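Q: structure for the following, please:
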Amino acid sequence: MSVTEDRHHNGFGWSKEAVRERIVADFRDFTFTWRGFFKWTATTILGLIAGALFALYFLDWNQMRAPIGRWVSHRTGREVRIDGNLAVKLFSWQPSLEAGGVTVGNPSWLAGKPQAATVKDFRIEIRLMPLFHGALVVPLVRIVQPDVLLVRDASGRTNWDNGSGKQAWKLPPIQHFLIQDGHIRIDDAVRKLHFSGSVNSQETLANGGGAFSLTGDGTLNLSKFLADVKGGPLIHVDKTKPYDFTADVKAGTTHALIHGAITEPFHLDRYTASVDVSGPTLADLYFLTGVALPNTPAYHMTLWVERDGTSYRLTDIAAVLGKSDLHGNLQADMSGDIPALAGKMTSRVLALEDLGPLVRGGAPAPTQSHYLLPQTPLHTERLKRTNAEVDYSAARVASRDFPLTSLDTHISVEGGVLNLKPLAFGFTQGKLAGSIRIDARKDIPTSTVDARITDIHAENFIKRGDKPITGVMEARAVLTGTGKSVHDAAANASGTVTAVVPAGGVRHSLAEWTGVDVLSALSLNLAGDNSNTNLRCAVASFGAHDGVMTSQQLVIDTDPVRVDGSGSINLRDETLDLRLQGNPKHFQLMRLRAPITLSGPWAHPAIGLKAGAAVAQGGIALALGVINPFAAIAAFIDPGLAKDANCGPLLADARAKGAPVKAAAVKNAAQPRTDHN
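A: Predicted structure coming up:
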């Protein structure tokens, strides 16, 4: 078949062989040049761009709502929908995007909750020319009727976390930022915070220029919340200059006035501010700051705040809390899941009663309780949300009942455990030192107190002019209990309490009364004799179990009388049940062999005689009187055969139990007496 016939046979005008020959000839004649390569490459790219621009120009963006929603949903892990109109204007010197009916769902673990956010209408505009210089400038952001729900569960999971951690928003320059009829709800199980309110922002004309304002109005944990933030017109913001703002925030009875400046405008994690805040207790600031602070009396505080990313510097702190003052500097690191505080605080005067539910400091018991130990719950659950390493000292401590002079301590909070260690109170003579530990890792906290009293003069605790008791007291108390208040922890406390007076003096008449030497005590009192007799030693040792302190050793040894005691101190109902039996060391003509009792509530203990022993002694006297009236007196005669207490071993035993008794005191007490009055 000829070539012509083959071409007609195939119906294309060319045979296969002819086509093949033509292609081979074309490639044989082809010569590669870079000019041709770039020419055709540029032509191809321009063609693609032109096609894309043509497609975008005539694109019906509403048809892209579903694909865009699916793509964003895949990227965020939650459902995102655009149910309203979607309009995109790209071919302009100021491109814009406007979307209506935007819905953002919650993560899967929040199934059943309302949507995380809904927006009736959202519009954003961008200036085109600055983009060519690598700058993003936003002339307008307008959000109409946003409804936002923020949730954090007890484990710390949130419905807003996108993996950015604690970093604050770094926004591009926005020249007009408008929020219309916004609503926000916050449900925070970690901080036990519930907020519901409205938010609006606008630009208003003031003094011939524009001014930005952002207002919030709602409730915070059922208390009224108001916020009013004002600043200069956003359109005039210069990224190289600070942006000044003021804020007036009222959360219940807490009121804060803030005058500050964003050091790098639109970088909301960099600012400085002076803060003037007041309220009924510092603890309420937890809901605004996330930092756990102690319960205090009504306060007024000023400070300077500097924020740089997740780091805060709180300087020039000056506060008045009740009758106390507070000064110092702190640093807060918010980069972790739990804020961390560090710094140093001081007080010129600390009123002990201002320590609130921890130490009553001589303040009268509240009318709703007859207990001396405070029953006010300690908010120890907040200890899990703050870590701290803070030094605190008070130059003077004011107390109605205790002769305190100063206080020094280191406050450490980590992982829900609070340690005040060392904790040292200064007295006019001597000191009280030790530690307090509160473990709040469980629902009901466990508290441990380890206190040492050294070189404290017992007479300093007696307010009356004459001092019937003198001597240096040394003591050690180690107690552990569980409970949400001081009283609850004491009500089931276990441990040991040991106190000693190695040597001292006691009013002679008082010593005779402890031995129930009626004639001698009456004669000394009637004669106005205020002289002291020697107190050889006094030792009191108690073992505590489940809120009841039971005496293990109770001895008071004076020259005329040795007193042995027994009984218990109940920490649950705050009562005493003690018996003191005096044994005279010299002849007594009229002595009642009846123990002295101390019983009843701590606040008003009753002092008396154990009636049974006195009745028995009276019965013996009556029987002897039947035989001979003069023989009845014999029942009240005591030959005074009691021996001195063995003070050396007693003090050594107390020292072994933890009482800070000096070795010299033990040695001196062990020396034999050379006289006996």
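
Q: tell me who's in contact with the most centrally placed residue in the chain.
A: The centroid of the chain falls nearest to residue 292 when counting by C-alpha atoms, centre = their mean (2.9 Å). For residue 292, the contact set (C-beta atoms under 8 Å, 6 or more residues apart in numbering) comprises 283, 286, 379, 382, 383, 385, 386, 413. (Each C-beta comes from the backbone N, C-alpha and C, glycine too.)

Q: can you pick the most crowded of those?
A: Neighbour counts for the contacts of residue 292 (other C-beta atoms under 10 Å) peak at residue 413, which has 24 neighbours.

Q: rewinding a little: please tell me how far the residue nearest to the centre of the chain sits from residue 381.
A: 9 Å (C-beta to C-beta, to the nearest Å).

Q: does residue 142 touch residue 182 like I think?
A: No: assessed by C-beta atoms under 8 Å, residue 142 is found out of contact with residue 182, at 11.4 Å.

Q: so where do the helices sit in this structure?
A: Taking DSSP state H as the criterion, the chain contains helices spanning 3-10, 16-29, 34-58, 65-76, 286-289, 486-491, 508-514, 518-526, 611-627, 647-656, 663-670.

Q: which one of these has the lowest average pLDDT?
A: If you rank these by mean pLDDT, helix 518-526 sits at the bottom with a mean of 39.

Q: from residue 92, how far out is the residue nearest to residue 415 when sequence neighbours are not counted?
A: Excluding its sequence neighbours, the residue lying closest to residue 415 (C-beta to C-beta, 6 or more residues apart in numbering) is residue 441, at 6.9 Å. Distance, residue 441 to residue 92, by C-beta to C-beta: 60 Å.

Q: who's in contact with residue 497?
A: 475, 476, 477, 478, 479, 540, 541, 542, 544, 549.

Q: the closest residue in space to residue 237 that isn't next to it in sequence: how many residues sit nearby?
A: Among residues not flanking residue 237 along the chain, residue 265 sits closest, at 4.9 Å (C-beta to C-beta, 6+ apart). As a burial measure, residue 265 scores 21 neighbours (other C-beta under 10 Å).

Q: pretty sure residue 265 contacts residue 245?
A: No: look at residue 265 against residue 245 with C-beta under 8 Å: they stay out of range, at 10.1 Å.

Q: what's the domain layout of the chain?
A: 3-52, 454-670 (automatic domain parsing).

Q: that older thread, and the residue nearest to residue 237, how far from residue 203?
A: 16 Å.

Q: number of nearby residues for residue 63?
A: Residue 63, neighbours per other C-beta under 10 Å, totals 9.

Q: can you start the count at 33 instead of 1 from here on
A: OK, 33 is where the count begins now, so the last one is residue 95.

Q: how far away is it from residue 118?
A: 9 Å.

Q: contact partners for the nearest residue to residue 519 once chain neighbours are set aside?
A: Spatial nearest neighbour of residue 519, excluding adjacent residues (C-beta to C-beta, 6+ apart): residue 405 at 4.0 Å. With contacts defined as C-beta under 8 Å, 6+ apart, residue 405 is in contact with 392, 517, 518, 519, 522, 603, 606.

Q: determine which two of those are furthest apart.
A: Farthest pair in the contacts of residue 405 (C-beta to C-beta) is 392 and 603. Separation: 15.0 Å.

Q: and residue 433, how many neighbours?
A: Residue 433, neighbours per other C-beta under 10 Å, totals 12.

Q: swap in residue 473?
A: 12.

Q: do I have it right that it meets residue 446?
A: No: at 10.7 Å, residue 473 and residue 446 do not qualify as touching, with contact defined as C-beta under 8 Å.

Q: where do the strands of the stretch 183-332 of the chain begin and end?
A: Ranges of strands in the stretch 183-332 of the chain, per DSSP state E, counting those that start in this stretch, are 209-220, 225-238, 241-252, 255-263, 275-283, 286-294, 302-311, 331-340.

Q: which residues does the second one contact?
A: The set of residues external to strand 225-238 that reach it, using C-beta under 8 Å, 6+ apart, is 208-220, 242-254, 257, 265-266, 319.

Q: same check, this time on stretch 460-469
A: 435, 437, 449-457, 479-489, 492, 504-505.

Q: among those residues, name the buried ones.
A: Buried positions within the contacts of stretch 460-469, assessed by neighbour count (16 or more other C-beta atoms under 10 Å), are 435, 437, 449-453, 455-457, 479-486, 488-489, 492, 504-505.

Q: partners of the residue nearest to residue 190 when sequence neighbours are not counted in the sheet?
A: The spatial neighbour of residue 190 that comes closest, neighbours along the chain excluded (C-beta to C-beta, 6+ apart), is residue 184 at 4.6 Å. Under DSSP bridges, the beta-bridge partners of residue 184 are residue 190, residue 220.

Q: can you verify my assumption that residue 184 contacts residue 224?
A: No: under the criterion of C-beta under 8 Å, residue 184 makes no contact with residue 224, lying 10.6 Å away.

Q: report the mean confidence score over stretch 409-424.
A: Rounded mean pLDDT across stretch 409-424 is 86.

Q: tell me which helix or strand in the protein has the weakest average pLDDT.
A: Ranking every helix and strand in the chain by mean pLDDT, DSSP states H and E puts helix 550-558 at the bottom, with a mean of 39.

Q: sorry, back to before: just send the strands of the stretch 183-332 of the chain back as CSV, with mean neighbour count and distance to residue 380 too.
A: Below are these laid out as CSV (neighbours: other C-beta atoms under 10 Å; distance: least, C-beta to C-beta, whole Å):
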stretch, mean neighbour count, distance to residue 380
strand 209-220, 16, 37
strand 225-238, 15, 34
strand 241-252, 17, 34
strand 255-263, 16, 33
strand 275-283, 17, 29
strand 286-294, 17, 25
strand 302-311, 17, 20
strand 331-340, 17, 15
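
Q: can you add mean pLDDT and give the ones you listed back as a markdown table?
A: Output for those, formatted as a markdown table (pLDDT from 0 to 100):
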| stretch | mean pLDDT |
| --- | --- |
| strand 209-220 | 92 |
| strand 225-238 | 84 |
| strand 241-252 | 83 |
| strand 255-263 | 92 |
| strand 275-283 | 93 |
| strand 286-294 | 95 |
| strand 302-311 | 95 |
| strand 331-340 | 96 |
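
Q: could I get the ones you listed as TSV with distance to residue 685?
A: Formatted as TSV, the strands of the stretch 183-332 of the chain follow (distance: least, C-beta to C-beta, whole Å):
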stretch	distance to residue 685
strand 209-220	55
strand 225-238	54
strand 241-252	58
strand 255-263	57
strand 275-283	57
strand 286-294	54
strand 302-311	52
strand 331-340	48
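
Q: among these, which comes closest to residue 689?
A: Of those, nearest to residue 689 by C-beta to C-beta is strand 331-340, at 42.0 Å.

Q: quick revisit: what's the ChimeraX syntax to select whichever of the contacts of residue 405 are buried?
A: A single ChimeraX command selects the buried members of the contacts of residue 405 (16+ other C-beta under 10 Å):
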select :392,517,518,519,522,603,606
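
Q: reformat the contacts of residue 405 as CSV; add distance to residue 129.
A: Putting the contacts of residue 405 into CSV (distance: C-beta to C-beta, whole Å) gives the following:
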residue, distance to residue 129
392, 63
517, 57
518, 60
519, 63
522, 65
603, 69
606, 70
